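1. Sharing a sequence plus its predicted fold:
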Amino acid sequence: GSQTNLQATGSTGGGTILVGGDWQGSGSLRQATTVTMNQGAVIDASATQNGDGGKVVLWSDIHNLNSVTTVNSRIFAKAGLLGGNGGQVETSGYDLNIDNANISTRAQNGVSGEWLIDPRNITISSSSDSGISSYTANADSAVINVTTLTNALANTNVTVFTGSTGTAQAGNITVSNAINADGTGVLTLWAANNITINADITRSSTGGLTLRSGSGSVSGSGKLYLSGGTTLTVAHGNSVSNNIEIGTGGATIKLFDQLDVQVLIVAGGGAGGGNGWAGGGGGGGVIYGSRTLSSSPATTVTVGAGGSGMVSGANGRGNNGANSAFGTVTAIGGGGGAGYGWGSGYTASGASGGSGGGAGEDNSTAEMQGGSAATQTVPTGWTAYGNPGGSGAYTSGVQAGSGGGGAGAAGGGTSAYRQPGNGGNG
């Protein structure tokens, strides 16, 4: 109703209010089709004394063409009056109407929170919002209304982010209409590719401007007007060709202390089996994704070695390859290939790994199974690759070794009369 008041406030920290779904659609909460917040309603997950603001999500399924989220009132996730940082607010839906939204994640004695914007190609202009959900693009060529953006900057940080969900567009941000904001919120333009500023951006208070271009290019005909103690932060490797004018009160210009990187992690491959007609080792697990690095804490990189030799007393199976890791993300080493098992008392099945090892020769189909591809846990937005090793089948009394699995395909099985199987593709 229009007078609904949902509160999750606390003296030492704000709580969590989820309506129709969780942050960015994560978790197991069932997703709504329609979410409407009427004028006069209030949602508040603020800290009241000394603590951080909480989390508020108004979500309807962004993959459902009939999904609609409408916000016509006030949402707060503010920090406490005595200290703390602002919280997080997300408003998302396939069709989103936030023209009358009033969002605040302000912190008087800390760092303001954010109202997330997460699109693909996006243009900031005087046109109506389109193709966005909580400033998250659910269609190509999204548009953010400059007035909506400016109003939000009065008291909350806003991140315009091209995201990673698009497939047909490069991930550019274009400013087509002037942005003139003197509020406390920091405006971050974070593009996978180029940032083109063709209209002036004016920041004239403590609220700053952060430019993070994945291509390194920030250009255009618009000027950057900085005054009143504002801060311009530029990502490492970015080149800004726009004219910059510093006004009364001055400004600080600094490098962003984080680095956006694309990460490919490949673990060590498994060793091939021994003792006769053996299987090939599986390829090391492969993981791909992107991550933002900062100077603290440090990120540790581990490169896994390939497997060597044979596991003693286990049908001549090769050793698994070692794991590789980038920080907390780990690619699992490839499984060792099986050795000869015929009449030896051992099975000739390959070992599990990032990609499984191939089976060896045996006189039982059940004892000639390719190793499985182990489950590799990855962060949201990352992709893991791995496939099982090839299996054999007891045919015509004689079999050869199977191929180990690869990142792109399973290992090949064997055929009769000792014809070895092929390894899986990368």
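-> Cool, got the structure.
2. Report the contact partners of the residue nearest to residue 229 when sequence neighbours are not counted.
-> Counting by CB to CB, 6 or more residues apart in numbering, residue 229 lies nearest to residue 249, which is 5.0 Å off, once chain neighbours are set aside. Just so you know, the C-beta spots here come from the backbone N, C-alpha and C atoms, and that holds for glycine as well. Listed by CB atoms under 8 Å, 6 or more residues apart in numbering, the contact set of residue 249 reads 204, 227, 228, 229.
3. now residue 79
-> Contacts for residue 79 (CB under 8 Å, 6+ apart) come out as 46-47, 51-53, 85-87, 105-110, 112-113.
4. Helices of the stretch 201-350 of the chain, start to end?
-> With helices called from DSSP state H, counting those that start in this stretch, the stretch 201-350 of the chain shows none.
5. Now do the strands in it.
-> Counting by DSSP state E, counting those that start in this stretch, the stretch 201-350 of the chain has strands at residues 201-203, 209-213, 217-219, 224-226, 230-234, 239-240, 244-246, 251-255, 258-266, 286-294, 301-302, 324-326, 329-331.
6. after the last one, next one along is what?
-> Helices and strands here follow DSSP states H and E; after strand 329-331, the next one along the chain is strand 383-385.
7. for that following strand, packing partners?
-> Packing partners of strand 383-385 (3 or more CB pairs under 8 Å, 6 or more residues apart in numbering; DSSP states H and E): strand 286-294.
8. thinking again about what came up before, can you pick the most crowded of the contacts of residue 249?
-> Among the contacts of residue 249, residue 204 has the most neighbours (other CB atoms under 10 Å), with 19 neighbours.
9. Surely it touches residue 228?
-> Yes: look at residue 204 against residue 228 with CB atoms under 8 Å: they come within range, at 4.4 Å.
10. so what's in contact with these two at the same time?
-> With CB under 8 Å, 6+ apart as the test, residue 204 and residue 228 both reach 182, 247, 249.
11. what sits against the second one?
-> Spelled out, it's residue 247. Taking CB under 8 Å, 6+ apart as the contact definition, residue 247 lies against 204, 225, 226, 227, 228.
12. Using TSV, lay out those together with pLDDT.
-> Shown next, in TSV, are the contacts of residue 247 (pLDDT from 0 to 100):
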residue	pLDDT
204	88
225	92
226	88
227	88
228	87
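13. What strand or helix carries residue 151?
-> Using DSSP H and E, residue 151 sits within helix 146-152.
14. which other residues reach that helix?
-> 98-99, 101-103, 115, 124-126, 129, 158, 160, 177-181, 185, 187.
15. Give the buried subset of those residues as a PyMOL selection command.
-> Selection of buried members from these for PyMOL, criterion 16 or more other CB atoms under 10 Å:
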select buried, resi 98+101+102+103+115+124+125+129+158+160+177+178+179+181+185+187
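16. before we move on, back to that, in CSV: the strands of the stretch 201-350 of the chain, plus distance to residue 337 and mean neighbour count.
-> Listed next are the strands of the stretch 201-350 of the chain as CSV, based on distance: least, CB to CB, whole Å; neighbours: other CB atoms under 10 Å:
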stretch, distance to residue 337, mean neighbour count
strand 201-203, 59, 23
strand 209-213, 45, 23
strand 217-219, 48, 18
strand 224-226, 60, 22
strand 230-234, 51, 19
strand 239-240, 50, 15
strand 244-246, 61, 13
strand 251-255, 49, 14
strand 258-266, 18, 16
strand 286-294, 18, 17
strand 301-302, 24, 12
strand 324-326, 20, 21
strand 329-331, 19, 23
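17. Adding distance to residue 404 as columns, could you present those strands in CSV?
-> Converted to CSV, these look like this (distance: least, CB to CB, whole Å):
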stretch, distance to residue 404
strand 201-203, 55
strand 209-213, 41
strand 217-219, 43
strand 224-226, 55
strand 230-234, 47
strand 239-240, 45
strand 244-246, 56
strand 251-255, 45
strand 258-266, 14
strand 286-294, 14
strand 301-302, 22
strand 324-326, 17
strand 329-331, 16
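18. least reliable of these going by mean pLDDT?
-> Across the strands of the stretch 201-350 of the chain, strand 258-266 has the smallest mean pLDDT, namely a mean of 68.
19. if we can go back for a sec, and the shared contacts of residue 204 and residue 228, which is closest to residue 390?
-> For those, the residue nearest residue 390 by CB to CB is residue 182; the value is 65.9 Å.
20. Of the contacts of residue 249, which is the nearest to residue 282?
-> The closest of those, once distances to residue 282 are taken by CB to CB, is residue 229, at 58.2 Å.
21. Test my guess that residue 411 contacts residue 370.
-> Yes: Residue 411 is in contact with residue 370 according to CB under 8 Å; the separation is 5.8 Å.
22. Next, show the common contact partners of the two.
-> Counting by CB under 8 Å, 6+ apart, the residues touching both residue 411 and residue 370 are 279, 350, 356, 358, 388, 389, 390, 402, 405.
23. Could you confirm the fifth one falls within a helix?
-> No: checked against DSSP: H, G, I helix; E, B strand; the rest coil, residue 388 lies outside a helix; its state is coil.
24. 17 is where my numbering starts, stick with that
-> Noted, 17 is the first residue going forward, which turns the last one into residue 404.
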